[in-house]
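Novice: What follows is a protein structure lacking sequence information:
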């Protein structure tokens, strides 16, 4: 079946989930000449893509009936379960040999379940979560981390390269999710660590730009210190220079850290800093930082106002 | 006075503290043709340097009587206080215009106190802690982070370049310490974060080398993931490949994190991850990891043995 | 249907899950004159209860066919899902009006799912996790925390009082689990807090018994300080006095804290100390403390041996 | 000398530090018929006590010249060092045999230094920090935790019982501070733990009053859950019922936790939860909670507003 799909490379591609990320991804498939058959629970999202030339159907099942390559891009695990195994889900009408690529960021154990369910129907499921935001999605500069049977990787790659700049094969089903979750957990740790370190240095009398320079030529160096510094004025072109607007929202980081916690708990892996990072972003969501870039943790940790210390006890 | 010191550049240099670090540093001064007048509480350390051509005196006060440039390299704040302000301390006999350079890693507030005390005697105190271990000390490849009056920096630099490859001016007195403490705090956070992330990824089925590659080309990248990976087998020439021997010991990291905590508490700066990193290295010291390289936190967090889970409650 | 069940109070009770906890619980039902119809995946467990007079069947479905009141006591969420909704599960043959009481400690969201699935079959599901270990199970001194429709509470209470000393009604389905999870999370926090506080006080020169007395008459007081002190020699009759044997194992505490994390993450509730407590018990499991009482965290945090601090860097 | 002091029990008592706590404490000594000779850096504080009948002098040294029993009540370690060993400090004019009682909450290592310095002058120093706030100080209901030579304890007790309801002897110099610091660290852990547990339970559908009841009859019980519950509406007469006004301020708790960190770091004691508690109160100070009661951590951790989760990445 693989060969048939490959030869007929410009046959329709199904796309389910036309949100902030899914919509520009689907458009990039259209740009590369793939007919797109799509669906989404929000009619407006469908309308917009229809105007770009896509065919819109009513349910994932109907998409599965028409396309033998389907990409899904959904907010969270329950949505993925519904779209694949629900009453109008893909697996109700999926054809043998269909290639299913899920780009949602979800629990890898759910990816494995979906893969098993797909296998029972003779279809192939791969997880391919992305790194990069709405901007990268529009410019087809996403990074895809792909998990699934190695023989199907080439077929997946053909489509993913239309939407991203990097496609990395990570191993068996679920390892794409694992790689994404791991990266984002370490990213969060590095960001909070950078924020508190910069804050401490400033309090101790160091110039923030000089401190960033010193860290970046030393063993404290990390992506958050050298490419996305959270202190306003240290770097240009990053959210810290724009009141923490744009970028990668605190809510989304909190969600990914929640996934990291779930997988760590399920595999009994101690992740003390990852766990504390999760809690910090959770508190930030509760304190009004939900929609700011995740580098706003620097602002969250700064002293808000001088409070006089009282005498006594 | 500065000019007089500069012109007489090969006049004797005092050196106090001939431990694992101080001894090779003093030897590098000798190699550069500086007469060295030294002292240490351990006679054996003195004997060894004497054989290399140094003159040995009985106390810091006596060294101060003979040299107008003095370097100190001591284990911790109380030692520094004793060597400078104790009954046989440097300041008892220090000459006006003497340049005092302290390369110990200590609380920046102690550096400031010493600078004030030195100023009262007409001397100049600079803090210049190092990054790099015994190996870098021997090869004169240390990095010095220097705090103190800017006009004296050139004079300090002349000596420090004999012992190190990089000399960075950080600002007023205490900022050298601040830069070192900040770097090491972020280093510890990055290392523990890398260790728990690699561990989680492995548990989720990722190949450790592949995971390291993915992190290092993504936003999770940090010095601990790309230059000092804590997972045995991922990189060569790092302590993780040698049963965590050599490198930078857990006890020393715990000490530096303790300093970071002190300064953060004193300046009321929240450092949640730095604080937890300190606690983790503290527990590791208590559980037998004191003398292993600090990347052994990977081993500390790994499952020791399979334990069967009991039924019930 | 409630009335019919109540009147026929000595009609058979089903019991599924005959582990360390379930077995003595089922025996207590037998002691109170209830015929018991039981099953378990381990034949030996069944054999033992058969010798005490219980009828043994092959599957949960068969038990459901014979009994209209069923108690389940299983290790974790997946087991509960299998026993209720699996191919030979209770719900395959459950009779209308059957009362299903689950005493397992699981994710409250799974309890809610089971309740919904039971309701579709006309049955009633309640969650009733226990506090107290194997000893309390044998002596019928367990505490049951019960969630479910209030009208059915009396019927549940009739059976639960045969196996426990306290039965507390907590609210809608899932709140029994919630109460148990909340209690155990706060318990873990109090225990680790007590352990580190006692350790710090001892290091500062306080006599441990005196410190415990002072805490227990002050605002630091908690159950772990006044009823289960983790420091050997402070109290009698607790695991700390017996090399941390018996009591509530670290693995079980880690499991409950994992549930707390899952529910906190799912409800986006920040639980910073609960989260760190989870990580600490997770590391303890990895470092050989899995089968010791959870108060052994005191031992885990104590210095293992004196390590000399090295000079330098 | 002890006997002479005891016989002359209504001879003047020195009092240094007339802040929110010191002022009512000194008044209680006056009420008990002790002549009080006092001083403070703020003239208004002195004026107020003068109106009550105290004699006011210009410096600690002058007080020491006139009184052979002196009580000090100061905000922090540097103040204590200044008042005892500064140029106009107590020790400049202290008489042999004088009893010095310091009720400030400071680093126990500073208490030990002061005791040594006092001993050199032939005086006796004891640390006697208090538990209880301004209200308890006015009503003479403070608890004193006393460290120092046992033979002098009776003499100290005579004065302390005029100002407090409980006086506890803790051991050698510094152990009074140690006991206070330990209690407050465990208190902070219990409070944050209670706040996050109550919050989680409420999110899981439990009634807060019922949850508090269940915890208080179970192993989760602690002073913060049963005597100072942080959830508005659960208890009466506590700050949570009064918008977290009054009580024990977050800034003061952060200060005590900072002391706990210093002593833990200095004694190399791992205190993971105490350390995180410190950080949480530190962040709260930075986010506007500085002057609220420390139970306001419940409010800090609650969701501030609903934030919609975005689709994608």
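Specialist: Ah, there it is. All figures in this text were calculated on a predicted structure; none of them were measured in a lab. Residues are numbered from 1 along each chain as shown, chains lettered A, B, ... in the order given.
Novice: show me the contacts for the closest residue to residue A:34 other than its chain neighbours.
Specialist: Leaving aside its sequence neighbours, residue A:34 sits nearest to residue A:13 (Cβ to Cβ, 6 or more residues apart in numbering or on different chains; 4.8 Å). To be clear about C-beta, it is placed using only N, CA and C from the backbone, and glycine gets the same treatment. Going by Cβ atoms under 8 Å, 6 or more residues apart in numbering or on different chains, residue A:13 touches A:29, A:34, A:35, A:36, A:37, A:67, A:69, A:70, A:71, A:159.
Novice: and the nearest residue to the fourth one once chain neighbours are set aside, how many residues sit next to it?
Specialist: It stands for residue A:36. Nearest in space to residue A:36, with sequence neighbours left out and distances taken as Cβ to Cβ, 6+ apart, is residue A:54 at 4.2 Å. Residue A:54: 24 surrounding residues under other Cβ atoms under 10 Å in any protein chain shown.
Novice: Name all residues that make contact with residue A:54.
Specialist: Residue A:54 neighbours (Cβ under 8 Å, 6+ apart): A:15, A:26, A:30, A:35, A:36, A:37, A:38.
Novice: and the gap between the fifth one and chain D?
Specialist: It stands for residue A:36. Noted for residue A:36: a distance of 18 Å to chain D, by Cβ to the nearest Cβ, to the nearest Å.
Novice: backbone phi and psi for that residue, please?
Specialist: Backbone geometry at residue A:36, expressed as degrees, to the nearest 10, gives phi -120, psi 130.
Novice: now do the last one
Specialist: Residue A:38 has phi and psi values of phi -130, psi 170 when expressed as degrees, to the nearest 10.
Novice: For the contacts of residue A:54, pick the one with the most neighbours.
Specialist: Neighbour counts for these, by other Cβ under 10 Å, peak at residue A:15, which reaches 31 neighbours.
Novice: Was I right to think residue A:111 contacts residue A:172?
Specialist: No. Using Cβ atoms under 8 Å as the test, residue A:111 is too far from residue A:172 to be in contact (9.9 Å).
Novice: which residues of the stretch 101-250 of chain A fall in helices?
Specialist: Listed in chain order, the helices of the stretch 101-250 of chain A (DSSP state H, counting those that start in this stretch) span A:108-120, A:134-138, A:153-160, A:175-203, A:208-216, A:223-226, A:250-266.
Novice: does the longest one come close to chain D?
Specialist: No. Residues of helix A:175-203 contacting chain D under Cβ under 8 Å from any Cβ of the partner chain: none, with a closest distance of 9.2 Å.
Novice: That helix and chain B in contact?
Specialist: Yes. Against chain B, helix A:175-203 shows contacts by Cβ under 8 Å from any Cβ at A:175, A:178-179, A:181-187, A:189-190, A:192-194, A:196-201, A:203.
Novice: same thing with the first one?
Specialist: Yes. Helix A:108-120 is in contact with chain B by Cβ under 8 Å from any Cβ, via residue A:108.
Novice: sorry, back to before: rank the helices of the stretch 101-250 of chain A by mean pLDDT and give me the bottom one.
Specialist: Across these, helix A:134-138 has the smallest mean pLDDT, namely a mean of 92.
Novice: what about it and chain B, any contact?
Specialist: No. Using Cβ under 8 Å from any Cβ, we find that helix A:134-138 stays clear of chain B, coming within 11.8 Å at best.
Novice: If we go by neighbour counts, what in that helix is buried?
Specialist: Buried residues in helix A:134-138, counted by 16 or more other Cβ atoms under 10 Å in any protein chain shown: A:134, A:136, A:137, A:138.
Novice: okay if I get the contacts of residue A:54 as CSV plus secondary structure and pLDDT?
Specialist: Converted to CSV, these look like this (DSSP: H, G, I helix; E, B strand; the rest coil; pLDDT from 0 to 100):
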residue, secondary structure, pLDDT
A:15, strand, 98
A:26, helix, 97
A:30, helix, 96
A:35, coil, 96
A:36, strand, 97
A:37, strand, 97
A:38, strand, 97
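Novice: of the residues you listed, closest to residue A:119?
Specialist: residue A:15 (22.1 Å; Cβ to Cβ).
Novice: Do I have it right that that closest one meets residue A:25?
Specialist: Yes. Between residue A:15 and residue A:25 there is a contact at 7.5 Å, judged by Cβ under 8 Å.
Novice: shared neighbours, these two?
Specialist: Counting by Cβ under 8 Å, 6+ apart, the contacts common to residue A:15 and residue A:25 are A:71, A:73.
Novice: Quick check: chain neighbours aside, which residue is closest to residue A:118?
Specialist: In space, residue A:118 is closest to residue A:125, 3.9 Å off (Cβ to Cβ, 6+ apart).
Novice: swap that for residue A:32, sorry
Specialist: Sequence neighbours aside, residue A:162 is the residue nearest to residue A:32 in space, at 4.2 Å (criterion: Cβ to Cβ, 6+ apart).
Novice: Next one, pLDDT for that neighbour please.
Specialist: For residue A:162, pLDDT reads 97.
Novice: Pretty sure residue A:46 sits against residue A:18.
Specialist: Yes. Between residue A:46 and residue A:18 there is a contact at 6.5 Å, judged by Cβ under 8 Å.
Novice: list the residues that contact both of those two?
Specialist: If you check residue A:46 and residue A:18 against Cβ under 8 Å, 6+ apart, the residues they both contact are A:38, A:40.
Novice: what's stretch A:60-72 in contact with?
Specialist: The contact list for stretch A:60-72 (Cβ under 8 Å, 6+ apart) reads A:5, A:11-17, A:25-26, A:29, A:37-39, A:57, A:80, A:83-84, A:86, A:88-95, A:97-104, A:155, A:159.
Novice: That stretch: how far from the chain's middle?
Specialist: Relative to the chain's own centre, stretch A:60-72 is displaced by 22 Å; criterion: Cα atoms, centre = their mean, to the nearest Å.
Novice: got it, and stretch A:210-229?
Specialist: Stretch A:210-229 sits 25 Å away from the centroid of its parent chain (Cα atoms, centre = their mean).
Novice: is any part of that stretch close to chain B?
Specialist: Yes. Using Cβ under 8 Å from any Cβ, stretch A:210-229 reaches chain B at A:210-211, A:214-215, A:217-225, A:227-228.
Novice: what's the neighbour count on residue A:88?
Specialist: 15.
Novice: in what helix or strand does it lie?
Specialist: Per DSSP states H and E, residue A:88 falls between elements, in no helix or strand.
Novice: Just list the residues touching it, thanks.
Specialist: Contacts for residue A:88 (Cβ under 8 Å, 6+ apart) come out as A:58, A:59, A:60, A:61, A:62.
Novice: ok, now how distant is the residue nearest to residue A:137 when sequence neighbours are not counted from residue A:135?
Specialist: Using Cβ to Cβ, 6+ apart and skipping the chain neighbours, the partner closest in space to residue A:137 is residue A:24 (4.2 Å). Counting by Cβ to Cβ, to the nearest Å, the gap from residue A:24 to residue A:135 is 9 Å.
Novice: the longest strand in chain A is where?
Specialist: For chain A, the longest strand by residue count, based on DSSP state E, is strand A:164-171.
Novice: hmm, it in reach of chain B?
Specialist: Yes. Applying Cβ under 8 Å from any Cβ, one finds strand A:164-171 in contact with chain B at A:166, A:168, A:170, A:171.
Novice: Tabulate these (JSON lines), appending pLDDT and neighbour count.
Specialist: Converted to JSON lines, the residues of strand A:164-171 next to chain B look like this (pLDDT from 0 to 100; neighbours: other Cβ atoms under 10 Å in any protein chain shown):
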{"residue": "A:166", "pLDDT": "94", "neighbour count": "17"}
{"residue": "A:168", "pLDDT": "96", "neighbour count": "19"}
{"residue": "A:170", "pLDDT": "97", "neighbour count": "29"}
{"residue": "A:171", "pLDDT": "96", "neighbour count": "19"}
